[in-house]
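> 3D model of this:
(chains A and B)
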Amino acid sequence: MNNRMKLEFLSKSSNESFARATVAAFVSQLDPTLSDLSDIRTAVSEAVTNAIIHGYGDETGTVVITCEMDAQNQVTIVVEDHGAGIADLALARTPLYTSRPEMERSGMGFTVMETFMDSVDVWSEEGQGTRVTMTKTIAPPEEASISTPDQAAQ
Amino acid sequence: MQIGFEMQGRTLVARLKGELDHHSAATVREQLEDIIKRQNVKNLIFDFTELGFMDSSGIGVIIGRYKLIHGMGGEVAVSGANAHIDRILALSGIKKLMNVYKNTNLALKAI
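Residues are numbered from 1 along each chain as shown, chains lettered A, B, ... in the order given. Sure, this is the predicted structure:
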């Protein structure tokens, strides 16, 4: 199913649940399993939290999410900020590394995204911002046991 | 996010209801620090039976309290986590630091 949506909101932590719930509601039209949906909610939550904490920090900026699905049921989610950017991407993606230990950040954000999604791609430029692109293919729901009259006729 | 607290001897049971993310983590952390300071808490059980969602922010909250409680000679455990939260606990290495139980009764018996 080809479809696309775009969501834009202020980098306030109270929008984290709004963002993941909205993406999950959009993806729901593909009939994902509860497990797939949890994976997507969690990955979106991590990317949005990164944008809020690391991208904007004490400032307020805009976070943009675009979500696209194609005919093969591949979902592509892009989470973008125009904040500080990441100086050392490899370091940022290292499990347990955090630039904010005083905030009790676990340093597991990228690891969670990588575990729960099929692919995670990060573009970042210091002073420009960060763009996280994640994909996940949703397996089509189990074949219905009763076919519709149209299908039966074919 | 709602948190219910209950003391069982010197073990504090913290029942979290709702979603634990970066936003709600601040409240959870504050309330826990407050009660641990005021009560004679030795051990802590995070009861996640009614926790519907958790991301890596939850890991930070658990490990932060673990350092405090463990530093005072106590134990920390997690109970009632759903399959998804259990995956995050495993991924983060939390299961190597503390025991994870099906429910709080089992955790209370073991502590």
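> So which bits of chain B are right by chain A?
B:19, B:21-23, B:25-26, B:29, B:53, B:55-57, B:59-61, B:63-64, B:83-84, B:87-88, B:91-92 (CB under 8 Å from any CB of the partner chain). Where C-beta positions appear, they are placed from N, C-alpha and C, glycine not excepted.
> Give me the buried entries from those.
Buried by 16 or more other CB atoms under 10 Å in any protein chain shown: B:19, B:21-23, B:25, B:29, B:53, B:55-57, B:59-61, B:63-64, B:84, B:87-88, B:91-92, out of the residues of chain B next to chain A.
> Narrow those to those in strands?
B:19, B:53 (DSSP state E).
> Assign the spatially most central residue of chain A to one of the three secondary structure states.
In chain A, the residue lying closest to the centroid (CA atoms, centre = their mean) is residue A:44, at 3.2 Å. For residue A:44, the assignment made with DSSP: H, G, I helix; E, B strand; the rest coil gives helix.
> Quick check: phi and psi at the spatially most central residue of chain B.
Centroid check for chain B by CA atoms, centre = their mean gives residue B:46 as the closest residue, at 2.5 Å. Here is the backbone geometry of residue B:46 (degrees, to the nearest 10): phi -90, psi 110.
> Skipping its backbone neighbours, what lies nearest it in space?
Closest residue to residue B:46 apart from its sequence neighbours, by CB to CB, 6 or more residues apart in numbering or on different chains: residue B:78 at 4.7 Å.
> Report the backbone C-alpha coordinates of the helix or strand containing the one you found in CSV.
Residue B:78 belongs to strand B:76-79 when assigned by DSSP states H and E. What follows is strand B:76-79, C-alpha atoms only, in CSV (Å, rounded to 0.1, in the frame of the first residue of the first chain):
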residue,chain,number,x,y,z
VAL,B,76,16.8,-4.5,43.1
ALA,B,77,14.5,-6.6,41.0
VAL,B,78,12.0,-6.2,38.2
SER,B,79,8.7,-8.0,38.0
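> C-terminal to the helix or strand where residue A:49 lies, what's the next element?
For residue A:49, the host element (DSSP H and E) is helix A:34-50. Downstream of helix A:34-50, the first helix or strand assigned by DSSP H and E is strand A:62-69.
> quick one: average pLDDT of whichever helix or strand comes after that following strand?
Where DSSP H and E defines the elements, the next helix or strand beyond strand A:62-69 is strand A:74-81. Strand A:74-81 comes out with an average pLDDT of 98.
> following the helix or strand of chain B with the lowest mean pLDDT, which helix or strand shows up next?
Lowest on mean pLDDT, DSSP states H and E among the helices and strands of chain B sits helix B:94-97, with a mean of 92. Downstream of helix B:94-97, the next assigned helix or strand under DSSP H and E is strand B:99-101.
> interface residues of chain A facing chain B?
A:13-14, A:16-17, A:20, A:35, A:38-39, A:41-42, A:45-46, A:49, A:52-53, A:103-106, A:108-109, A:111-112, A:115.
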